[in-house]
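Asks: using only what follows, build the 3D model:
(one chain, ligands or ions: 1)
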Amino acid sequence: MFESLSERLESAFKQIKGEGRITELNVAATVKDIRRALVDADVNYKIAKEFTDKIKDKAMGEKVLTAVSPGQLMVKIVKDELAELMGGTEAELNAKGNPAVILIAGLQGSGKTTFSGKLANYLKSKKFSPLLVAADIYRPAAIDQLKVLGGQIGVEVFSEPENKDAVDIARKAVAQARTLNKNVVIIDTAGRLAVDEAMMTEVSNIKAAVNPQEILFVVDSMTGQDAVNTAKAFNDRLDFSGVVLTKLDGDTRGGAALSIKYTVNKPIKFISSGEKLDTLDVFYPERMAQRILGMGDITTLVERAQAQFDEAEAKKLEKKIRKNQFDFEDFKQQLEQIKKMGNIKDLLGMIPGVGKAIKDIDISDDAFKGIEAMINSMTPFERANPDVIDGSRRKRIAKGSGKDLTEVNAFMKQFEQMKEMMKMMNKMPMGRMPGLGGF
Ligand code: GDP
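Replies: Here you go, the predicted structure:
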C-alpha cells in the first residue's frame with residue numbers, strides 16, 4: 001500500500017536524520033522533498049503546500065527540544081499531520097435505527113456492490129441483522145451479483161427485477177425489513193460511468209424517500225485526483241456522511257486517501273482491500289499514517305487475528321500443544337484461519353519494517369497451496385498420527401499431491417522441528433519463550 005510514497009518520504013527524512021539540530025535549512029530541504037512526494041502521490045498541490053507549511057511551522061517551533069533527534073522529531077510531526085489530514089480520529093458508522101438505513105452511492109465499477117456485501121458481512125459479525133437491497137434497475141447483472149454475495153454470507157437480498165422505480169424498491173425494502181425484523185437496510189444504488197444528472201437525481205430521490213442514517217460514498221482509490229473530484233460532485237448533491245475507499249490492495253499512490261477528507265470534509269469510514277468479503281477494515285487515520293511511514297500496523301493485524309480465531313478453539317489448540325499432540329489436522333486448520341485474515345502480503349506489511357523488505361517479492365495467496373496439497377493427500381489417520389508416516393506412505397503422499405518425495409520429506413522434517421520447538425517452549429516458564437520477543 002502506498003509503497004512509492006513511503007519510499008519517497010523515507011528518503012526525504014534522510015535529509016535531516018543524523019543532523020545534530022533542527023535548522024531552517026535542513027527543515028526547508030526535508031519539507032520540499034515531502035511536498036514533491038505528496039504531489040507525485042497525486043495529492044493536489046494546494047493541499048500538499050498547506051500540509052508542508054504546517055510541518056515546517058511545527059518543526060521550527062520545536063527547535064529547542066533536544067530530547068529527540070531532528071529525524072525522529074520530523075517523523076513524529078509528519079505522522080501526526082498525516083493522521084490529521086486523513087481525519088484525525090476514526091469516525092463511527094451510525095447503524096442505529098428501526099431499521100437503520102445505509103445508502104451506498106458511487107460510480108459504476110467503484111466497488112459499490114462488493115462493498116455492500118462486505119458491509120453486510122461486517123455488520124452481521126457485529127450481531128446486526130442486515131437486509132441487502134438491489135436498487136440498480138439498469139443492470140440485471142447487478143441484482144444477480146448482490147444475490148450471489150448475499151448467498152455467500154447468509155444475508156437476505158431484497159430485489160424486484162420487474163420494478164423500474166428505484167425509489168419504490170427502496171421504500172418497499174425498508175417496509176420489508178420491518179416485517180422481517182431486520183435492523184439494518186443496506187441499499188446498493190445504480191452507478192454510471194461518469195457523474196451525470198439522472199444518477200444524481202435518482203439517488204437524491206431515494207435519499208428523500210428513505211431518510212438514511214448513513215450515505216456512504218464508495219470510490220476507487222486507484223483513480224487518484226478523479227476520485228477526489230467525483231467525491232466533490234457527489235457531496236455537493238447528496239451531502240453524504242462518509243467515504244469508502246476501495247481497491248487499496250492495488251497499485252494506489254495515496255492521493256485519494258490523503259486528500260478526500262480535506263476536500264469534502266467528510267470522514268473516510270471504511271477501506272476495502274481485496275475482492276474477498278472479509279477484507280473490509282474500519283478506517284483509522286493514525287494507523288494509516290503509521291503504515292505510510294513504514295511503521296506497520298500491529299493493531300489491525302491483532303484485530304484481524306482476533307476476529308478469525310475463536311477463543312474456545314484457541315484454548316483447545318493450546319492444550320494440544322502443551323500435551324505435544326499438535327497434528328497435521330491442527331496445522332491445516334491454522335492455515336485456513338490465517339488465509340481468512342486476508343491477503344498474505346498485506347498481512348506481512350502490517351509488521352513494522354516488513355512491508356518495505358518484501359515489496360518486490362511476489363507472495364501470492366497460493367503460498368500455502370503445496371503444503372495443503374500434501375496434507376490433503378494424507379489419510380485422516382495419518383493426519384492425527386504423524387508418527388506413522390513412513391517411507392512408503394510418504395511416497396504415496398508425494399504422488400497424491402504432485403510433489404517430489406524430497407519436498408514431502410522436507411515438509412515432514414519442518415513439522416517435526418516445529419513440534420520440537422513446541423516441546424521446548426512447554427518446558428520453559430511462561431513469558432520466557434525464546435525468539436518471541438516478549439509476545
Ligand atoms: P459497482 O459497479 O460499483 O457495484 O462495483 P463492483 O462491486 O461490481 O466492483 C467492480 C469490480 O471491482 C469487481 O470486479 C470487483 O470484484 C472489484 N473490486 C471491488 N472492490 C475491490 C477491492 O477492494 N479490491 C479489488 N482488488 N477489487 C475490488
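Asks: make it CA atoms for all contacts and neighbour counts henceforth
Replies: OK.
Asks: and D220, what does it touch?
Replies: Listed by C-alpha atoms under 8 Å, 6 or more residues apart in numbering, the contact partners of D220 are 109-111, 227, 245-247.
Asks: of those residues, closest to Y45?
Replies: Among the contacts of D220, A227 lies closest to Y45 (C-alpha to C-alpha), at 15.6 Å.
Asks: from the contacts of D220, which would you call buried?
Replies: Burial by neighbour count, 16 or more other C-alpha atoms under 10 Å: within these this picks out 110-111, 227, 245-247.
Asks: from these, which are also near the ligand?
Replies: Within the set of the buried ones among the contacts of D220, contact with the ligand (C-alpha under 6 Å from any ligand atom) is found for 110-111, 246-247.
Asks: looks to me like I351 is in a helix.
Replies: No: with DSSP: H, G, I helix; E, B strand; the rest coil as the criterion, I351 is coil rather than part of a helix.
Asks: which residues are in contact with it?
Replies: So I351 contacts 295-298, 301 (C-alpha under 8 Å, 6+ apart).
Asks: return the member of those residues nearest to the ligand.
Replies: The closest of these to the ligand turns out to be L301 (C-alpha to the nearest ligand atom; 17.6 Å).
Asks: thought the closest one was touching L347?
Replies: Yes: between L301 and L347 a contact is recorded at 6.7 Å, counting by C-alpha atoms under 8 Å.
Asks: sorry, back to before: go through the ones next to the ligand among the buried ones among the contacts of D220 and name the one nearest E92.
Replies: E92 lies nearest to T246 out of these, by C-alpha to C-alpha, at 17.9 Å.
Asks: what residues sit buried inside the lengthiest helix in the chain?
Replies: Across the chain, the longest stretch assigned as helix under DSSP state H is helix 405-427. Within helix 405-427, the residues scored as buried using 16+ other C-alpha under 10 Å are 405, 408, 411-412, 415, 419, 422, 425.
Asks: which residue is the nearest non-sequential neighbour of Y284?
Replies: Once flanking residues are discounted, Y284 sits nearest to E90: 5.0 Å by C-alpha to C-alpha, 6 or more residues apart in numbering.
Asks: close to the ligand: what parts of the stretch 251-400 of the chain are there?
Replies: 272-275.
Asks: list only buried entries from those.
Replies: 272-275.
Asks: now those in JSON lines, with pLDDT?
Replies: What follows is those, written out as JSON lines (pLDDT from 0 to 100):
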{"residue": "S272", "pLDDT": "92"}
{"residue": "S273", "pLDDT": "87"}
{"residue": "G274", "pLDDT": "84"}
{"residue": "E275", "pLDDT": "84"}
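Asks: closest to L9 out of those residues?
Replies: For those, the nearest to L9 is S273 (22.7 Å; C-alpha to C-alpha).
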